[in-house]
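[1] predicted structure and sequence below. I'll ask about it afterward.
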Amino acid sequence: MDYIKLFYWLTVVDGFKHVLLGVLIIFGILLALNVILKLVSFIESDEDLNDRCSKPLRWIIPIFSICLLTHAFIPSKKDTLLIIGGGTTMNYVTTDSTCKQIPKELSTFVISELKAMSADAKTSLGVADQQNKLLDEAKKMSSKELIEKMKNDTSFAKILLK
């Protein structure tokens, strides 16, 4: 497989996804304006304005729908690299005879280390979820502060009592 071409096309598709997002924004604004004008024409009983608003809607809605579905089904460059990398790795691991000789314990250890590295990476990038942030905040509080916070914030209490 020629990886230069593969990475080139991944970049092109990612750029296309960004262009598609721009088209979606433009057609979304046009769609919203036409719907507002259609509502105004309905309220004012203006048949001429209603007819003028109906014609653009016939082509705005299909183009908007096609762009939206296309944008939804094109993975980002990061997701595509994960799919290719993960798929290639799993294909290699399942078909290579030497990989089958690796002890189960070693495989389990590697998986647990990868999960730990992933959690560390998320933390270092600031991607830690709200629950972990609240738990860290709770660890720093005194018992009186903790009880007071739980009385005032029920979502905080629910997370701590899970």
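    Right, received. Where do you want to start?

[2] with residue 115 as the reference, measure out to residue 108.
    For residue 108, the distance to residue 115 (CB to CB, to the nearest Å) stands at 11 Å. Where you see a C-beta, it was placed from the backbone N, CA and C, and this is true even at glycine.

[3] same question, residue 63
    With CB to CB as the criterion, residue 63 and residue 115 are 43 Å apart.

[4] comparing the two, which shows the higher neighbour count?
    Set residue 63 next to residue 115 and count neighbours by other CB atoms under 10 Å: residue 63 wins out with 15 against 10.

[5] contact partners for that one?
    23, 27 (CB atoms under 8 Å, 6 or more residues apart in numbering).

[6] and it, helix, strand or coil?
    helix (DSSP: H, G, I helix; E, B strand; the rest coil).

[7] quick one: mean pLDDT over the lengthiest helix in the chain.
    Assignment by DSSP state H gives helix 3-44 as the longest helix of the chain. Averaged over helix 3-44, pLDDT sits at 88.

[8] quick one: list the elements packing against that helix.
    helix 47-73, helix 77-95 (3 or more CB pairs under 8 Å, 6 or more residues apart in numbering; DSSP states H and E).

[9] which of those helices has the lowest average pLDDT?
    helix 77-95 (a mean of 79).

[10] domain parsing of this protein, as residue ranges.
    3-78, 103-162 (automatic domain parsing).

[11] pick the most deeply packed of the ones you listed.
    Mean neighbour count (mean count of other CB atoms under 10 Å) peaks for domain 3-78 among these, with a mean of 13.

[12] now do the end-to-end distance for it.
    16 Å (CA to CA, to the nearest Å).

[13] centre of the chain versus it, how much separation?
    The chain centroid and the centroid of domain 3-78 are separated by 19 Å under CA atoms, centre = their mean, to the nearest Å.

[14] just to revisit the earlier point, can you put the domains of the chain in TSV and add distance to residue 89?
    Formatted as TSV, these follow (distance: least, CB to CB, whole Å):
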stretch	distance to residue 89
domain 3-78	15
domain 103-162	11
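
[15] wait, which of the ones you listed is closest to residue 91?
    domain 3-78 (15.2 Å; CB to CB).
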